[in-house]
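*Asks:* What shape does this take:
(one chain, ligands or ions: 1)
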Amino acid sequence: MRFDVLTLFPEILSGYLGQSLLKLAIERGLVTVAAYNIRDWSHDAKHHKVDDRPYGGGPGMVLMAPPVVDCVEAVRKQSPDPGHLIMLTPQGRRLTQGVVEELAQHQRLLLLCGRYEGFDERVRLLLEPDEISIGDFILGGGEVAAMTVIDAVVRLVPGVLGDERSSAEDSFSGDERLLEFAQYTRPREYRGLTVPDVLLSGDHALIAEWRRQQQIERTNDRKKGTPGHA
Ligand SMILES: C[S@@+](CC[C@H](N)C(=O)[O-])C[C@H]1O[C@@H](n2cnc3c(N)ncnc32)[C@H](O)[C@@H]1O
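*Replies:* Okay, the predicted model is just below:
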């Protein structure tokens, strides 16, 4: 699977890409991540400007359409698969595990990160991206949101997790989107709190039943009334 991140700050990604699961996935050739600086497509040879003041007045700067559109078109051409274009924006559809599963069906995702007051509207009108928000709050830029999408999607790329069951058992997975059951590891007793007997019983059917019950109770307690949950 290939990710292309289009940003004004490509260096933000490097520390994150060099750690843990993602680093291993890249080393094993399961995932490729490339970052591009939108500024390289600036039409201003002298100052490499990519933003300007908003028409109609108001605070802040807006990312200009020509460098952004040129950047997306050039990056798209770098592979025979033009990819699925995502614009990170607080105005997009909310990222959920269901959306992550949908995105993981693509072989190539392009992630367009905004800054300042966001993009000139014509970027959206011309490129018709899949607009994705990671929640109803405002970040300073799209990079953290892009990394969130990559992190969540990579877990679903076959071969990335040592045991495919871990993503199938995670919260929000499966048709019912239930939360995961409570997990315990050693020590058996900690500050007076003991591991439930059922988990030490060795009875797999009983453990499965207990876990399923936990999933239902936790989801009802914590998620009742939230989108995607009854
Ligand atoms: C300061 S925000 C601009 C917000 C814009 N003025 C608005 O009110 O919709 C700058 C950039 O951060 C990114 N961003 C901010 N919040 C986000 C969120 N919740 N989800 C995804 N991207 C976000 C977007 O790429 C956005 O273009």
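
*Asks:* and the gap between the residue nearest to the spatial centre of the chain and the ligand?
*Replies:* Nearest to the centroid of the C-alpha atoms of the chain, with distances taken as Cα atoms, centre = their mean, sits residue 149, at 1.1 Å. In this view, residue 149 and the ligand are 9 Å apart by Cβ to the nearest ligand atom, to the nearest Å. For every residue, glycine as well, the C-beta is placed using N, CA and C.

*Asks:* So, low pLDDT: which residues of this protein?
*Replies:* Within the chain, the stretches with pLDDT under 70 are 225, 227-230.

*Asks:* residues contacting residue 154?
*Replies:* Going by Cβ atoms under 8 Å, 6 or more residues apart in numbering, residue 154 touches 1, 21-22, 25, 31, 160.

*Asks:* can we see that at 10 Å?
*Replies:* 1, 3, 21-22, 25-26, 30-31, 33, 100, 104, 160-161 (Cβ atoms under 10 Å, 6 or more residues apart in numbering).

*Asks:* Would you show me how to pick out the buried ones of those residues in ChimeraX?
*Replies:* ChimeraX command restricting these to the buried ones, with burial defined by 16 or more other Cβ atoms under 10 Å:
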select :1,3,22,25,31,33,100,104,160,161
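
*Asks:* Throw the contacts of residue 154 into a markdown table and include secondary structure and distance to the ligand, thanks.
*Replies:* Listed next are the contacts of residue 154 as a markdown table, based on DSSP: H, G, I helix; E, B strand; the rest coil; distance: Cβ to the nearest ligand atom, whole Å:
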| residue | secondary structure | distance to the ligand |
| --- | --- | --- |
| 1 | coil | 21 |
| 3 | strand | 16 |
| 21 | helix | 22 |
| 22 | helix | 19 |
| 25 | helix | 23 |
| 26 | helix | 23 |
| 30 | coil | 25 |
| 31 | coil | 21 |
| 33 | strand | 18 |
| 100 | helix | 14 |
| 104 | coil | 18 |
| 160 | coil | 23 |
| 161 | coil | 25 |
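
*Asks:* No further queries at this time; thank you.
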